[in-house]
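Novice: could you look at this predicted model? Sequence included:
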Amino acid sequence: MHSKVYSAPMIRKVLRFALFACCCATLAGWSRAAGQGDQFTYFGVWPHQIVVFDASQEKVVDSINLKNDVPHTLLLSPDKKKLYAWTVDDNSIVTIDLATRAVLSSFSLNHGNQNFRLIGLTPDPGGKYLYALGRVISKQRDHYDLDPPAFFVIDLAGQKITRAGEYPKDEGTLPPRAAMKASPDGKLLYVFRESILVFDTKEFHLIKKVDLAKPQGPGLENISLGIIDDPNEAPGRVVSVFSAADPYVHREVLGIGEVDLANLSFTFSPVAPSAAGDFFPLLLTPDRKIGYTVAFHGGTGNERCEFWAFDMSTRRLLRKREFDGRTRFDFSLSADGTRIFIYGAGYQIEVYDAATFELRTTVEVPGDITTNMIILPLNSTRASAADGHTSAPVR
């Protein structure tokens with residue numbers, strides 16, 4: 001048997017081809033690592049499921065069964081490894097491990113004749129507690145007793161409420177939903193409603209009040225939750241669309257406000273008159289150079305919805321475009337900042353291209369969406385993929 005002899009030019013040609021193939025494979029790997037891999041998003045659906053949606057594939061890839069009640073609010077743990085779900089009727093706190101998608105614990109805040117109705121919820125930076133704002137409803141023989149609004153500290157390991165504090169009576173009635181966030185050191189608790197209220201977490205005393213208001217439109221139940229759902233926000237800061245009135249003629253204007261949670265400082269950049277409409281919270285791209293929001297005008301049957309994109313370095317409007325909104329909906333942004341999601345009050349997610357504001361696709365989901373979306377940051381999604389967990393499609 002004779003071995004084949006290759007000429008020098010042919011050998012060089014083969015080597016060049018092998019080198020080219022190796023480079024292509026390496027570039028493909030870099031491209032996936034740059035954000036084209038799994039981008040997991042979590043949201044709750046009726047009757048008691050958490051759906052896992054992969055934004056990179058634009059499809060549902062898995063689901064988690066809560067086995068107790070309808071999910072109402074979702075929170076991401078500070079270490080990005082767990083998901084907390086608050087359920088509606090039984091007021092349970094469910095902890096889910098994101099690596100295995102297994103339910104780690106579930107316990108109800110209700111006991112005896114007392115029913116806890118929560119308005120706001122946020123984790124402390126250490127991941128041991130949840131701070132809640134709400135009230136207790138006690139069922140008596142022939143009536144219900146409604147306690148004043150209060151703060152509650154929920155011990156996740158002990159599975160119970162360990163502390164409570166009074167909410168200021170002179171701050172008026174509570175809204176149906178209130179966004180909350182703790183400072184990086186866990187000493188301050190921010191409540192975003194008509195004004196920004198800052199409390200200490202030891203005694204829940206009001207220590208500062210800022211007269212900035214985040215616009216809220218009628219019928220948009222989850223709009224305030226967008227303040228705590230941005231995976232690309234700088235640690236210890238909140239950037240969103242707020243409204244404020246100047247101190248001279250009291251003209252109300254809309255602007256981009258930034259809250260430094262650690263230093264109790266606030267900045268505000270006017271961007272439009274209040275007549276521009278109401279806005280969803282601002283969501284940022286991974287490099288924090290562009291911020292996206294949704295503006296809406298008018299009422300049911302005559303509502304106009306627009307995508308707005310801002311240059312975050314100059315706080316100037318880059319572009320906007322009208323789109324077909326729903327009667328009630330929520331807005332979110334993919335972790336890589338390339339896709340906009342319109343969802344809620346239905347069985348579909350509308351996926352738009354963030355660069356063009358064109359509709360890319362409509363995704364069917366296995367139930368009526370009942371919660372906010374939790375978007376995992378890109379580094380968290382890559383870490384999850386590295387753990388070797390493989391998602392099974394929903395059947």
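Specialist: Yep, that arrived.

Novice: check contacts around the residue nearest to residue 260 when sequence neighbours are not counted.
Specialist: For residue 260, ignoring the flanking residues on the chain, the nearest one in space by C-beta to C-beta, 6 or more residues apart in numbering is residue 237 at 5.9 Å. (Each C-beta comes from the backbone N, C-alpha and C, glycine too.) Neighbour list for residue 237: 258-261 [criterion: C-beta atoms under 8 Å, 6 or more residues apart in numbering].

Novice: one more: residue 126?
Specialist: Here residue 126 is in contact with 78, 186 (criterion: C-beta under 8 Å, 6+ apart).

Novice: A strand includes it, no?
Specialist: No - going by DSSP: H, G, I helix; E, B strand; the rest coil, the assignment for residue 126 is coil, not a strand.

Novice: circling back: ok, and the most crowded of the contacts of residue 237?
Specialist: Counting neighbours by other C-beta atoms under 10 Å, the top entry in those is residue 259, with 25 neighbours.

Novice: distance of the nearest residue to it once chain neighbours are set aside from residue 293?
Specialist: Of all residues not flanking residue 259 in the chain, residue 238 sits nearest, at 4.3 Å (C-beta to C-beta, 6+ apart). Distance of residue 238 to residue 293, computed by C-beta to C-beta, to the nearest Å: 14 Å.

Novice: likewise residue 274?
Specialist: Remark: distance between residue 274 and residue 293 (C-beta to C-beta) = 15 Å.

Novice: neighbour count winner among these two?
Specialist: Neighbours per residue (other C-beta under 10 Å) separate residue 274 from residue 293, with residue 293 holding more: 22 against 14.

Novice: separation between that one and residue 331?
Specialist: Here residue 293 is placed at a distance of 7 Å from residue 331 (C-beta to C-beta).

Novice: overlap in contacts of these two?
Specialist: By C-beta under 8 Å, 6+ apart, the residues touching both residue 293 and residue 331 are 280, 283.

Novice: one step back: from the contacts of residue 237, which is closest to residue 84?
Specialist: Taking C-beta to C-beta as the measure, residue 84 sits nearest to residue 261 out of these, at 19.4 Å.

Novice: doesn't residue 187 make contact with that closest one?
Specialist: No - judged on C-beta atoms under 8 Å, residue 261 makes no contact with residue 187 at a distance of 10.1 Å.

Novice: once you drop chain neighbours, what's closest to residue 107?
Specialist: Using C-beta to C-beta, 6+ apart, the nearest residue to residue 107 is residue 159, at 4.0 Å.

Novice: might one say that the one you found is in contact with residue 104?
Specialist: No - the pair residue 159 / residue 104 is not scored as a contact, 11.2 Å apart, by C-beta under 8 Å.

Novice: just the helices from this protein, written as ranges.
Specialist: All helices of the chain, identified by DSSP state H, fall at 8-31, 378-386.

Novice: contacting residues for residue 75?
Specialist: Here residue 75 is in contact with 83-86, 121-123, 130, 228, 374 (C-beta under 8 Å, 6+ apart).

Novice: how about residue 251, what does it touch?
Specialist: Residue 251 neighbours (C-beta under 8 Å, 6+ apart): 245, 273-274.

Novice: rerun that using 10 Å as the cut-off
Specialist: Contact analysis of residue 251 by C-beta atoms under 10 Å, 6 or more residues apart in numbering lists 244-245, 273-274.

Novice: turn the residues you listed into a markdown table, including distance to residue 109 and pLDDT.
Specialist: Listed next are those as a markdown table, based on distance: C-beta to C-beta, whole Å; pLDDT from 0 to 100:
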| residue | distance to residue 109 | pLDDT |
| --- | --- | --- |
| 244 | 36 | 74 |
| 245 | 38 | 70 |
| 273 | 43 | 80 |
| 274 | 39 | 74 |
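
Novice: mind listing the residues bridging to residue 115?
Specialist: Beta-bridge pairing of residue 115, defined through DSSP bridges, involves residue 137.
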